[in-house]
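S.K.: here is a sequence together with a model predicted from it:
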Amino acid sequence: MSLTASPAPSAALPVVRAAISVYFFILGYMFATWASRLPAIKEKLQLSDGELGTVLLGMPIGSLLMMPFAGWLTARFGSRIVVAMAAVGYCCVIPVLGLLPSPWMLAVALSFAGATGNLINIAANDQAVALERLCGRAIMSSFHALFSVGGMVGAALGGLIHKQSVSLFAHFAGMGLVGVALAVFSARYLLAAYTDYDPEKPIFVRPNRTLVGLGLIGLCVMLGEGAMADWSSIYLSGLLPPKSSWTTAGYTAFSLAMAAGRFGGDWFANQHGIRKTLVISGLLSGFGLLLALLVQQPVVVVFGFACVGLGFATVVPLVYSAAGQSNTMTAGMAIAAVSTVSFFGFLFGPPVIGWLSEVVTLRWALLLVVGLSFSIALLARRELK
């Protein structure tokens, strides 16, 4: 299938690039806004840790159910209108989360948040792939860097607002209004992308071997990302004195290295190609985490976690970029297919690490992430040209 794209009227490519970046920023910014107030949500609804974990499954379930339809919607209506409407919807549903009085209502609303968030993800990446084609070089990592920046901004503002005792709804609504304004203003500068949509063709198309390979690479890295988010601080805390303020240093180093790696990832990929970049990324993250597990000194662990973040930084952007070049389906549907496979790693990775740690300790359980990191390198060498 072919895809033609042109800038919106009077929009130069740098302006289009900035407009697309806004939607990646909104996705990270609004998610972090919600996540920053989770303790208040837990207290308001009087949830135990286990109950909160069950409620939070609403968001990934909604995202997972939307994935195949996100690709079809993007192909049918174009990513420009889909990403703009999804961003407005996402910014409107997040404030509702601050009003709901029961856990089951929150879980249902979270599924809608997950669905609209995934629409932004697929359609924004479709826009990014189309712009890459116009530019003739890799630029995907910089967009994903803006997601990381949005997360940092949303988390930082959430902490500050929480200290002022602002209500959940007022906090979420205020941030949502900013998000809506950014989304509406930026929509006019997005690419006007059209695909050869055919209503006679099936909505669901079986991915070819290359897309399956890219999905498996994405699964490996997203399982690792989920494990680092949920378990890195717990692992480091076991090496520090009780009540140490440095327990989050490892995950902070991981996050900062990932953001920095994404800003520099486009340059590296343009210099060395997608295949070589993915091989190096897998090796760097694998050896970094192996170092952190073998040398159980806090400084070394923090350094090792930073290597993991740097290694993981460009994997998902490059996987999406490569999927967007598929010649068997539209870019949006290809990205959705790869995302569907990848997402299982993020959804099930942290629980799997937890179950393994009950049997073999957390240190040995995290060796699974080491193995999957090396698998990224092996899969990239075998499946990509």
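M.R.: In hand now; what should we look at?
S.K.: which regions of the stretch 101-250 of the chain lie under the pLDDT threshold?
M.R.: 193-207, 243, 245, 248 (pLDDT under 70).
S.K.: would you map the strands across it?
M.R.: Here the stretch 101-250 of the chain has its strands, by DSSP state E, counting those that start in this stretch, at 191-195.
S.K.: helix or strand: which one has the nearest residue to residue 119 once chain neighbours are set aside?
M.R.: Counting by C-beta to C-beta, 6 or more residues apart in numbering, residue 119 lies nearest to residue 86, which is 3.6 Å off, once chain neighbours are set aside. For the C-beta atoms, the positions are set from N, CA and C on the backbone; glycine is no exception. Assessed by DSSP states H and E, residue 86 sits inside helix 79-96.
S.K.: could you list every helix and strand in contact with that helix?
M.R.: Packing partners of helix 79-96 (3 or more C-beta pairs under 8 Å, 6 or more residues apart in numbering; DSSP states H and E): helix 13-35, helix 58-77, helix 103-135, helix 168-187, strand 191-195.
S.K.: what's the closest of the ones you listed to residue 348?
M.R.: Residue 348 lies closest to helix 58-77 among the helices and strands packed on helix 79-96, at 9.5 Å (C-beta to C-beta).
S.K.: packing partners of that closest one?
M.R.: Counting by 3+ C-beta pairs under 8 Å, 6+ apart, helix 58-77 packs on helix 79-96, helix 103-135, helix 331-360.
S.K.: touching it from outside, list them.
M.R.: Here helix 58-77 makes contact (C-beta atoms under 8 Å, 6 or more residues apart in numbering) with 82, 106-119, 121-123, 126, 195, 197, 203-204, 329-330, 332-337, 339-340, 343, 346-347.
S.K.: tilt between the helix or strand containing residue 319 and helix 331-360?
M.R.: Using DSSP H and E, residue 319 falls within helix 315-323. Inter-element angle recorded for helix 315-323 and helix 331-360: 140 degrees (by axes from the mean of the first three to the mean of the last three C-alpha atoms, to 10 degrees).
S.K.: and the residue lying closest to residue 287 once chain neighbours are set aside, which of the three is it?
M.R.: Once flanking residues are discounted, residue 287 sits nearest to residue 307: 7.1 Å by C-beta to C-beta, 6+ apart. Following DSSP: H, G, I helix; E, B strand; the rest coil, residue 307 is assigned to helix.
S.K.: check what pLDDT residue 307 gets.
M.R.: pLDDT recorded at residue 307 is 96.
S.K.: number of residues surrounding it?
M.R.: With neighbours defined by other C-beta atoms under 10 Å, the count for residue 307 comes to 21.
S.K.: thinking again about what came up before, tally of neighbours for the residue nearest to residue 119?
M.R.: When neighbours are counted by other C-beta under 10 Å, residue 86 comes out with 29.
S.K.: wait, it touches residue 126, no?
M.R.: No. With contact defined as C-beta atoms under 8 Å, residue 86 does not reach residue 126; the gap is 11.6 Å.
S.K.: shared neighbours of these two, which are they?
M.R.: By C-beta under 8 Å, 6+ apart, no residue touches both residue 86 and residue 126.
S.K.: residue contacts, residue 35?
M.R.: 154-155, 158.
S.K.: redo these as JSON lines? Include neighbour count and distance to residue 144.
M.R.: Formatted as JSON lines, the contacts of residue 35 follow (neighbours: other C-beta atoms under 10 Å; distance: C-beta to C-beta, whole Å):
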{"residue": "154", "neighbour count": "24", "distance to residue 144": "16"}
{"residue": "155", "neighbour count": "18", "distance to residue 144": "17"}
{"residue": "158", "neighbour count": "23", "distance to residue 144": "21"}
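S.K.: measure residue 318 to residue 225 for me?
M.R.: Distance, residue 318 to residue 225, using C-beta to C-beta, to the nearest Å: 15 Å.
S.K.: cool, and residue 186?
M.R.: 27 Å.
S.K.: try residue 96
M.R.: Distance from residue 96 to residue 225, by C-beta to C-beta: 27 Å.
S.K.: try residue 41
M.R.: 23 Å.
S.K.: cool, and residue 232?
M.R.: According to C-beta to C-beta, residue 232 and residue 225 sit 10 Å apart.
S.K.: how about residue 42?
M.R.: 23 Å.
S.K.: between the two, which one's more packed in?
M.R.: Ranked by neighbour count (other C-beta under 10 Å), residue 42 and residue 225 place residue 225 first, with 22 against 15.
S.K.: which residue is the nearest non-sequential neighbour of the more buried one?
M.R.: residue 312 (6.0 Å).
S.K.: residue 270: how many residues sit nearby?
M.R.: Neighbours of residue 270 (other C-beta under 10 Å): 14.
S.K.: no, scratch that, I was asking about residue 28
M.R.: Applying other C-beta under 10 Å, I find that residue 28 has 21 neighbouring residues.
S.K.: over to residue 104?
M.R.: 11.
S.K.: ok, it to residue 169 distance?
M.R.: From residue 104 to residue 169 the distance is 19 Å (C-beta to C-beta).
S.K.: same deal with residue 381?
M.R.: 51 Å.
S.K.: about what we covered before: so for residue 174, which of the helices and strands packed on helix 58-77 sits nearest?
M.R.: That would be helix 79-96 among those, by C-beta to C-beta, at 8.6 Å.
S.K.: export the closest one as CSV, just CAs?
M.R.: Output in CSV follows, covering the C-alpha atoms of helix 79-96 (Å, rounded to 0.1, in the frame of the first residue of the first chain):
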residue,chain,number,x,y,z
SER,A,79,-3.8,10.1,11.3
ARG,A,80,-4.3,13.9,11.3
ILE,A,81,-7.9,13.8,12.4
VAL,A,82,-7.5,10.7,14.6
VAL,A,83,-4.6,12.0,16.7
ALA,A,84,-6.3,15.4,17.2
MET,A,85,-9.6,14.0,18.3
ALA,A,86,-7.9,11.3,20.4
ALA,A,87,-5.8,13.9,22.2
VAL,A,88,-8.8,16.0,23.0
GLY,A,89,-10.6,12.9,24.3
TYR,A,90,-7.7,11.8,26.4
CYS,A,91,-7.4,15.3,28.0
CYS,A,92,-11.1,15.2,28.8
VAL,A,93,-11.3,11.7,30.3
ILE,A,94,-8.4,12.2,32.7
PRO,A,95,-10.2,14.8,34.8
VAL,A,96,-13.2,12.4,35.1
